[in-house]
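Trainee: need a structure here:
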Amino acid sequence: MSAMWRAFLLLLALASLPAHAGAPAPYDPVLPGRALAFPRDFGAHPGHRTEWWYITGWLRDAAGVARGFQLTFFRVRTRIGEDNPSRFAPTQLILAHAAVADPRSGRLRHAERAARAWPGLAGAEQGRTAVQLGDWFLRGGDELLAPYRSRIEAEDFGFELEFVPDRPPLANGRDGFSQKAPDPVNASYYYSRPQLAVRGTLRLDAATLAVEGHAWLDHEWSSQLLPEGAHGWDWIGINLHDGGALMAFQMRDGEGRAMWVGGTAAAGGARRILGAGDVRFVPGRRWRSPRTGASYPVEWEVELADGRRLRLRPLMDDQELDSRRSTGAVYWEGAVRVFELDAQGREAETGQGYLEMTGYADRLGL
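Mentor: Residues are numbered from 1 along each chain as shown. Next up, the predicted model:
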(Lines give C-alpha, C1' and ligand atoms only; values in the text may rest on other atoms or scores of the structure.)
Protein backbone atom coordinates (compact mmCIF):
# COMPACT_ATOMS: atom_id res chain seq x y z
CA MET A 1 0.00 0.00 0.00
CA SER A 2 2.52 1.56 -0.64
CA ALA A 3 3.23 0.94 2.05
CA MET A 4 -0.09 1.81 3.23
CA TRP A 5 -0.19 4.60 0.76
CA ARG A 6 3.42 5.57 0.70
CA ALA A 7 4.22 9.31 0.84
CA PHE A 8 0.49 9.90 0.77
CA LEU A 9 0.83 13.41 2.11
CA LEU A 10 2.74 14.67 -0.91
CA LEU A 11 0.61 12.92 -3.46
CA LEU A 12 -2.73 13.96 -2.14
CA ALA A 13 -1.70 17.49 -1.28
CA LEU A 14 -0.73 17.92 -4.92
CA ALA A 15 -3.68 16.00 -6.30
CA SER A 16 -6.20 17.97 -4.24
CA LEU A 17 -5.25 21.33 -5.70
CA PRO A 18 -8.46 23.08 -6.80
CA ALA A 19 -9.63 22.77 -10.36
CA HIS A 20 -10.13 25.99 -12.31
CA ALA A 21 -12.92 27.26 -14.51
CA GLY A 22 -13.82 24.79 -17.20
CA ALA A 23 -12.99 21.97 -14.81
CA PRO A 24 -12.07 18.67 -16.47
CA ALA A 25 -13.83 15.39 -15.89
CA PRO A 26 -13.87 14.08 -12.31
CA TYR A 27 -11.37 11.51 -11.15
CA ASP A 28 -12.09 7.94 -12.16
CA PRO A 29 -13.79 6.13 -9.26
CA VAL A 30 -12.60 3.00 -7.45
CA LEU A 31 -15.48 0.52 -7.50
CA PRO A 32 -15.83 -3.12 -6.40
CA GLY A 33 -16.26 -5.70 -9.11
CA ARG A 34 -13.63 -4.37 -11.50
CA ALA A 35 -11.35 -7.32 -12.21
CA LEU A 36 -7.63 -6.69 -12.42
CA ALA A 37 -6.30 -7.50 -15.88
CA PHE A 38 -2.69 -7.94 -16.96
CA PRO A 39 -0.65 -6.61 -18.63
CA ARG A 40 -3.12 -3.68 -18.72
CA ASP A 41 -2.91 -3.02 -14.98
CA PHE A 42 0.87 -3.13 -14.89
CA GLY A 43 0.71 0.30 -16.49
CA ALA A 44 -0.58 3.74 -15.53
CA HIS A 45 -4.18 4.76 -14.87
CA PRO A 46 -4.08 8.50 -15.62
CA GLY A 47 -7.77 9.11 -14.88
CA HIS A 48 -7.29 8.37 -11.18
CA ARG A 49 -6.04 10.91 -8.68
CA THR A 50 -2.87 9.14 -7.49
CA GLU A 51 -0.87 6.05 -8.34
CA TRP A 52 2.43 4.52 -7.27
CA TRP A 53 4.81 1.66 -7.96
CA TYR A 54 6.63 0.88 -4.71
CA ILE A 55 9.48 -1.62 -4.32
CA THR A 56 11.07 -2.55 -1.00
CA GLY A 57 13.60 -5.25 -0.32
CA TRP A 58 16.79 -6.63 1.12
CA LEU A 59 20.16 -6.75 -0.63
CA ARG A 60 23.25 -8.74 0.37
CA ASP A 61 26.74 -8.15 -1.00
CA ALA A 62 29.56 -10.66 -1.51
CA ALA A 63 30.78 -10.07 2.06
CA GLY A 64 27.36 -11.01 3.41
CA VAL A 65 26.41 -7.48 4.54
CA ALA A 66 22.64 -6.97 4.41
CA ARG A 67 21.01 -3.65 3.53
CA GLY A 68 17.47 -2.50 2.94
CA PHE A 69 16.34 -0.45 -0.04
CA GLN A 70 13.22 1.12 -1.46
CA LEU A 71 12.22 2.96 -4.59
CA THR A 72 8.88 4.54 -5.40
CA PHE A 73 7.52 6.21 -8.52
CA PHE A 74 4.35 8.28 -8.25
CA ARG A 75 1.92 9.59 -10.83
CA VAL A 76 -0.44 12.40 -9.80
CA ARG A 77 -3.33 13.79 -11.82
CA THR A 78 -3.58 17.46 -10.86
CA ARG A 79 -6.74 18.41 -12.83
CA ILE A 80 -4.88 21.62 -13.71
CA GLY A 81 -4.84 22.72 -17.33
CA GLU A 82 -6.58 19.68 -18.76
CA ASP A 83 -8.48 21.99 -21.13
CA ASN A 84 -5.21 23.65 -22.17
CA PRO A 85 -3.66 22.26 -25.39
CA SER A 86 -0.17 23.37 -24.35
CA ARG A 87 2.31 20.61 -23.65
CA PHE A 88 3.50 22.69 -20.68
CA ALA A 89 0.20 22.28 -18.82
CA PRO A 90 0.98 20.36 -15.60
CA THR A 91 -1.87 17.86 -15.94
CA GLN A 92 0.21 14.96 -14.64
CA LEU A 93 3.12 15.01 -12.19
CA ILE A 94 5.77 12.33 -11.77
CA LEU A 95 7.63 11.99 -8.46
CA ALA A 96 10.18 9.49 -7.20
CA HIS A 97 11.81 8.56 -3.89
CA ALA A 98 14.68 6.15 -3.26
CA ALA A 99 16.54 5.11 -0.12
CA VAL A 100 19.13 2.64 1.18
CA ALA A 101 19.32 1.56 4.84
CA ASP A 102 23.02 1.01 5.51
CA PRO A 103 23.70 -0.44 9.00
CA ARG A 104 27.47 -0.16 8.55
CA SER A 105 27.23 3.62 8.43
CA GLY A 106 24.06 3.80 10.52
CA ARG A 107 22.58 6.08 7.87
CA LEU A 108 19.43 6.08 5.80
CA ARG A 109 20.56 7.46 2.45
CA HIS A 110 17.68 9.14 0.65
CA ALA A 111 16.95 11.08 -2.54
CA GLU A 112 13.85 12.39 -4.28
CA ARG A 113 12.78 14.03 -7.53
CA ALA A 114 9.67 15.62 -9.02
CA ALA A 115 8.64 16.97 -12.43
CA ARG A 116 5.61 17.49 -14.63
CA ALA A 117 5.08 14.75 -17.19
CA TRP A 118 7.00 15.48 -20.38
CA PRO A 119 7.63 13.08 -23.28
CA GLY A 120 11.07 11.51 -23.04
CA LEU A 121 11.86 13.11 -19.69
CA ALA A 122 9.14 12.16 -17.21
CA GLY A 123 6.07 10.00 -17.57
CA ALA A 124 4.21 6.77 -16.90
CA GLU A 125 3.04 4.60 -19.80
CA GLN A 126 -0.25 2.74 -19.99
CA GLY A 127 -0.40 -1.01 -20.59
CA ARG A 128 3.02 -1.80 -19.13
CA THR A 129 5.25 -0.68 -16.30
CA ALA A 130 7.39 2.08 -17.75
CA VAL A 131 7.90 5.00 -15.37
CA GLN A 132 10.68 7.55 -15.91
CA LEU A 133 11.94 10.66 -14.19
CA GLY A 134 15.12 11.90 -15.83
CA ASP A 135 17.61 9.04 -15.74
CA TRP A 136 15.67 7.24 -12.99
CA PHE A 137 13.36 4.52 -14.26
CA LEU A 138 11.36 1.38 -13.52
CA ARG A 139 10.42 -0.79 -16.49
CA GLY A 140 8.84 -4.22 -16.99
CA GLY A 141 5.47 -5.91 -16.89
CA ASP A 142 5.22 -6.61 -20.61
CA GLU A 143 4.14 -10.16 -19.73
CA LEU A 144 2.86 -11.84 -16.58
CA LEU A 145 6.27 -13.12 -15.41
CA ALA A 146 8.52 -10.67 -17.23
CA PRO A 147 11.28 -9.12 -15.09
CA TYR A 148 11.40 -5.49 -14.00
CA ARG A 149 14.50 -3.31 -14.19
CA SER A 150 15.32 -0.09 -12.41
CA ARG A 151 18.09 2.46 -12.22
CA ILE A 152 18.57 5.13 -9.54
CA GLU A 153 21.56 7.49 -9.32
CA ALA A 154 21.81 9.94 -6.41
CA GLU A 155 24.68 11.91 -4.92
CA ASP A 156 25.92 9.35 -2.38
CA PHE A 157 24.25 6.15 -3.56
CA GLY A 158 22.74 4.45 -6.56
CA PHE A 159 21.55 1.08 -7.74
CA GLU A 160 20.80 -0.77 -10.93
CA LEU A 161 18.65 -3.82 -10.22
CA GLU A 162 16.62 -6.52 -11.92
CA PHE A 163 13.52 -7.97 -10.21
CA VAL A 164 12.31 -11.39 -11.35
CA PRO A 165 8.83 -12.65 -10.37
CA ASP A 166 8.10 -16.35 -9.92
CA ARG A 167 4.29 -16.09 -9.60
CA PRO A 168 1.37 -14.03 -10.88
CA PRO A 169 0.43 -10.78 -9.11
CA LEU A 170 -1.26 -11.09 -5.72
CA ALA A 171 -4.58 -9.24 -5.59
CA ASN A 172 -5.26 -7.48 -2.29
CA GLY A 173 -8.73 -7.03 -0.81
CA ARG A 174 -11.66 -8.33 -2.85
CA ASP A 175 -9.92 -9.24 -6.10
CA GLY A 176 -7.91 -6.02 -6.04
CA PHE A 177 -10.51 -3.72 -4.44
CA SER A 178 -8.75 -2.76 -1.20
CA GLN A 179 -10.95 -0.98 1.34
CA LYS A 180 -9.32 1.43 3.83
CA ALA A 181 -12.28 2.37 6.05
CA PRO A 182 -15.85 1.27 6.86
CA ASP A 183 -17.10 3.46 4.01
CA PRO A 184 -16.14 1.65 0.77
CA VAL A 185 -15.59 5.00 -0.94
CA ASN A 186 -12.18 4.95 0.82
CA ALA A 187 -10.58 2.29 -1.32
CA SER A 188 -7.90 1.66 -3.91
CA TYR A 189 -7.09 -0.85 -6.59
CA TYR A 190 -4.11 -2.72 -5.23
CA TYR A 191 -1.94 -5.72 -6.07
CA SER A 192 1.45 -6.93 -4.84
CA ARG A 193 4.33 -8.89 -6.32
CA PRO A 194 6.05 -10.64 -3.41
CA GLN A 195 9.15 -12.83 -3.52
CA LEU A 196 10.86 -11.01 -6.38
CA ALA A 197 14.40 -12.31 -6.89
CA VAL A 198 16.84 -9.38 -7.10
CA ARG A 199 20.30 -9.05 -8.57
CA GLY A 200 22.40 -6.13 -9.74
CA THR A 201 24.75 -3.48 -8.38
CA LEU A 202 24.61 -1.06 -5.46
CA ARG A 203 26.78 2.06 -5.21
CA LEU A 204 27.62 3.60 -1.85
CA ASP A 205 29.72 6.73 -2.34
CA ALA A 206 32.56 5.59 -4.64
CA ALA A 207 32.21 1.84 -3.96
CA THR A 208 30.13 -0.32 -6.31
CA LEU A 209 29.02 -3.72 -4.99
CA ALA A 210 27.46 -6.73 -6.68
CA VAL A 211 24.28 -7.61 -4.76
CA GLU A 212 21.42 -10.05 -4.74
CA GLY A 213 18.37 -10.51 -2.57
CA HIS A 214 14.60 -10.36 -2.57
CA ALA A 215 11.98 -7.63 -2.97
CA TRP A 216 8.29 -6.79 -2.79
CA LEU A 217 6.46 -4.61 -5.32
CA ASP A 218 3.18 -2.80 -4.63
CA HIS A 219 1.17 -1.11 -7.36
CA GLU A 220 -1.80 0.93 -6.15
CA TRP A 221 -4.07 3.60 -7.58
CA SER A 222 -6.93 5.55 -6.08
CA SER A 223 -8.98 8.75 -6.23
CA GLN A 224 -9.76 9.26 -2.54
CA LEU A 225 -8.24 11.11 0.40
CA LEU A 226 -7.53 9.50 3.76
CA PRO A 227 -10.55 8.42 5.83
CA GLU A 228 -11.96 11.06 8.17
CA GLY A 229 -10.36 10.83 11.62
CA ALA A 230 -7.27 8.94 10.42
CA HIS A 231 -4.06 10.05 12.16
CA GLY A 232 -1.64 7.65 10.47
CA TRP A 233 -1.05 4.02 9.58
CA ASP A 234 1.24 1.04 10.08
CA TRP A 235 1.98 -1.29 7.15
CA ILE A 236 4.10 -4.39 6.58
CA GLY A 237 5.07 -6.31 3.45
CA ILE A 238 6.88 -9.54 4.37
CA ASN A 239 8.58 -12.17 2.22
CA LEU A 240 8.48 -15.37 4.28
CA HIS A 241 11.39 -17.80 4.04
CA ASP A 242 9.02 -20.67 3.14
CA GLY A 243 7.90 -18.81 0.01
CA GLY A 244 4.77 -17.31 1.51
CA ALA A 245 3.89 -13.64 1.77
CA LEU A 246 2.12 -11.39 4.25
CA MET A 247 0.80 -7.85 3.75
CA ALA A 248 -1.08 -6.19 6.61
CA PHE A 249 -1.98 -2.66 7.65
CA GLN A 250 -3.92 -0.71 10.23
CA MET A 251 -5.30 2.81 10.04
CA ARG A 252 -4.96 4.60 13.41
CA ASP A 253 -7.06 7.36 14.95
CA GLY A 254 -5.75 10.21 17.11
CA GLU A 255 -5.63 7.94 20.19
CA GLY A 256 -3.57 5.29 18.42
CA ARG A 257 -6.50 2.89 18.10
CA ALA A 258 -7.02 0.79 15.00
CA MET A 259 -9.79 2.31 12.84
CA TRP A 260 -9.50 -0.28 10.10
CA VAL A 261 -7.34 -3.37 9.62
CA GLY A 262 -6.72 -5.29 6.43
CA GLY A 263 -4.24 -7.50 4.64
CA THR A 264 -3.49 -10.54 2.54
CA ALA A 265 -1.77 -13.79 3.46
CA ALA A 266 -0.49 -16.07 0.70
CA ALA A 267 0.98 -19.57 0.94
CA GLY A 268 1.24 -22.46 -1.50
CA GLY A 269 -0.72 -20.67 -4.19
CA ALA A 270 -3.65 -19.93 -1.87
CA ARG A 271 -4.70 -16.40 -0.88
CA ARG A 272 -6.56 -15.31 2.26
CA ILE A 273 -8.06 -11.87 2.88
CA LEU A 274 -7.35 -10.53 6.37
CA GLY A 275 -9.81 -8.35 8.25
CA ALA A 276 -10.22 -6.86 11.71
CA GLY A 277 -10.51 -10.24 13.43
CA ASP A 278 -7.59 -11.78 11.57
CA VAL A 279 -4.63 -9.57 12.44
CA ARG A 280 -3.66 -7.46 15.44
CA PHE A 281 -0.71 -5.06 15.73
CA VAL A 282 0.85 -4.85 19.22
CA PRO A 283 3.54 -2.14 19.60
CA GLY A 284 6.74 -2.97 21.47
CA ARG A 285 10.10 -1.26 22.00
CA ARG A 286 10.23 2.37 20.95
CA TRP A 287 13.03 4.50 19.50
CA ARG A 288 13.15 8.29 19.72
CA SER A 289 14.59 10.26 16.82
CA PRO A 290 17.43 12.59 17.87
CA ARG A 291 16.47 14.93 14.99
CA THR A 292 12.69 15.28 15.23
CA GLY A 293 11.95 13.94 18.72
CA ALA A 294 9.34 11.56 17.27
CA SER A 295 8.94 8.26 19.12
CA TYR A 296 8.35 5.17 16.96
CA PRO A 297 7.51 1.59 18.00
CA VAL A 298 10.33 0.01 15.98
CA GLU A 299 9.50 -3.47 17.30
CA TRP A 300 6.06 -5.04 16.97
CA GLU A 301 4.23 -8.27 17.55
CA VAL A 302 1.69 -9.18 14.91
CA GLU A 303 -0.93 -11.68 16.04
CA LEU A 304 -2.75 -13.66 13.37
CA ALA A 305 -6.06 -15.50 13.65
CA ASP A 306 -4.38 -18.82 12.77
CA GLY A 307 -2.43 -18.62 16.04
CA ARG A 308 0.86 -17.36 14.67
CA ARG A 309 2.69 -14.65 16.61
CA LEU A 310 5.25 -12.71 14.63
CA ARG A 311 7.85 -10.36 16.07
CA LEU A 312 9.29 -7.58 13.91
CA ARG A 313 12.79 -6.25 14.57
CA PRO A 314 14.43 -3.47 12.53
CA LEU A 315 17.63 -3.86 10.57
CA MET A 316 18.59 -0.64 12.36
CA ASP A 317 16.57 1.71 14.54
CA ASP A 318 17.24 4.93 12.64
CA GLN A 319 15.23 4.52 9.45
CA GLU A 320 13.30 7.75 9.85
CA LEU A 321 12.70 9.65 6.64
CA ASP A 322 12.42 13.41 7.04
CA SER A 323 10.87 14.86 3.89
CA ARG A 324 9.60 18.12 5.33
CA ARG A 325 11.38 20.10 2.63
CA SER A 326 9.19 18.51 -0.04
CA THR A 327 6.16 16.75 1.48
CA GLY A 328 5.93 18.26 4.93
CA ALA A 329 5.92 14.71 6.32
CA VAL A 330 8.18 12.80 8.69
CA TYR A 331 7.72 9.03 8.91
CA TRP A 332 9.59 5.79 9.61
CA GLU A 333 10.11 3.33 6.79
CA GLY A 334 12.60 0.52 7.04
CA ALA A 335 13.80 -3.02 6.68
CA VAL A 336 12.70 -5.50 9.35
CA ARG A 337 13.37 -9.13 10.24
CA VAL A 338 10.43 -11.32 11.17
CA PHE A 339 10.56 -13.98 13.91
CA GLU A 340 7.81 -16.47 14.70
CA LEU A 341 7.21 -17.24 18.38
CA ASP A 342 6.34 -20.73 19.59
CA ALA A 343 4.17 -21.58 22.60
CA GLN A 344 7.16 -21.14 24.94
CA GLY A 345 8.03 -17.74 23.49
CA ARG A 346 11.10 -19.01 21.63
CA GLU A 347 11.65 -17.35 18.27
CA ALA A 348 13.02 -18.35 14.88
CA GLU A 349 13.53 -16.05 11.92
CA THR A 350 10.86 -16.77 9.31
CA GLY A 351 11.00 -13.77 6.98
CA GLN A 352 12.25 -10.33 6.01
CA GLY A 353 10.43 -7.30 4.72
CA TYR A 354 9.55 -3.67 5.28
CA LEU A 355 7.59 -1.72 7.89
CA GLU A 356 6.15 1.76 7.36
CA MET A 357 4.77 3.96 10.16
CA THR A 358 3.22 7.39 9.66
CA GLY A 359 1.57 9.88 11.98
CA TYR A 360 4.00 9.50 14.89
CA ALA A 361 5.91 12.73 14.34
CA ASP A 362 2.75 14.70 13.68
CA ARG A 363 -0.77 14.20 12.42
CA LEU A 364 -0.93 14.04 8.66
CA GLY A 365 -2.32 17.29 7.31
CA LEU A 366 -4.99 15.85 5.02
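Trainee: quick one, strands of the stretch 1-150 of the chain?
Mentor: 50-61, 66-77, 92-102, 107-116, 122-124, 129-133, 136-140, 148-153 (DSSP state E, counting those that start in this stretch).
Trainee: ok, the last one: who's next to it in the sheet?
Mentor: With DSSP bridges as the criterion, the sheet partners recorded for strand 148-153 are strand 136-140 (antiparallel), strand 157-164 (antiparallel).
Trainee: wait, which of those strands is closest to residue 106?
Mentor: Within the strands paired with strand 148-153, the stretch nearest residue 106 is strand 157-164; the backing value is 14.3 Å (CB to CB). All C-beta atoms are positioned from the backbone trio N, CA, C, and that covers glycine.
Trainee: returning to that earlier point: now the strands of the stretch 1-150 of the chain as CSV including mean neighbour count, mean pLDDT and distance to residue 223?
Mentor: As requested, the strands of the stretch 1-150 of the chain are arranged in CSV below (neighbours: other CB atoms under 10 Å; pLDDT from 0 to 100; distance: least, CB to CB, whole Å):
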stretch, mean neighbour count, mean pLDDT, distance to residue 223
strand 50-61, 25, 97, 8
strand 66-77, 25, 96, 9
strand 92-102, 23, 95, 14
strand 107-116, 18, 92, 20
strand 122-124, 22, 96, 16
strand 129-133, 22, 97, 19
strand 136-140, 20, 97, 22
strand 148-153, 20, 98, 25
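Trainee: between these, which gets nearest to residue 160?
Mentor: strand 148-153 (4.8 Å).
Trainee: contacts only, for the residue nearest to residue 188 when sequence neighbours are not counted.
Mentor: Spatial nearest neighbour of residue 188, chain neighbours left out: residue 222 (3.7 Å); criterion: CB to CB, 6 or more residues apart in numbering. Residue 222 is in contact with 5, 30, 48, 49, 50, 51, 187, 188, 189, counting by CB atoms under 8 Å, 6 or more residues apart in numbering.
Trainee: how close does residue 225 sit to residue 267?
Mentor: Distance of residue 225 to residue 267, given as CB to CB, to the nearest Å: 34 Å.
Trainee: these two: who's more crowded?
Mentor: Per other CB atoms under 10 Å, whichever of residue 225 and residue 267 has more neighbours is residue 225, with 17 against 13.
Trainee: the more buried one should be in a strand, yeah?
Mentor: No: counting by DSSP: H, G, I helix; E, B strand; the rest coil, residue 225 is not part of a strand but coil.
Trainee: any weak-confidence spans in the stretch 201-350 of the chain?
Mentor: 323-328 (pLDDT under 70).
Trainee: let's go with 80 and repeat that
Mentor: 225-226, 322-329 (pLDDT under 80).
Trainee: what ranges do the strands span in it?
Mentor: Along the stretch 201-350 of the chain, counting by DSSP E, counting those that start in this stretch, strands occupy 207-222, 232-240, 245-252, 258-267, 270-274, 279-283, 286-288, 295-297, 300-304, 309-314, 320-323, 329-341, 347-357.
Trainee: just checking: what are the partner strands of the third one?
Mentor: The reference is to strand 245-252. Paired strands of strand 245-252, defined by DSSP bridges, are strand 232-240 (antiparallel), strand 258-267 (antiparallel).
Trainee: and the first one, what's buried?
Mentor: This points to strand 232-240. 232, 233, 234, 235, 236, 237, 238, 239, 240 (16 or more other CB atoms under 10 Å).
Trainee: what's the answer for the last one, then?
Mentor: Within strand 258-267, the residues that qualify as buried are 258, 259, 260, 261, 262, 263, 264, 265, 266, counting by 16+ other CB under 10 Å.
Trainee: any idea how far the spatially closest residue to the first one that is not a sequence neighbour is from residue 296?
Mentor: Meaning residue 258. Of all residues not flanking residue 258 in the chain, residue 250 sits nearest, at 4.4 Å (CB to CB, 6+ apart). Per CB to CB, residue 250 is found 15 Å from residue 296.
Trainee: okay, those two: which has more neighbours?
Mentor: The neighbour count for residue 250 versus residue 296, taken as other CB under 10 Å, is higher for residue 296 (25 against 22).
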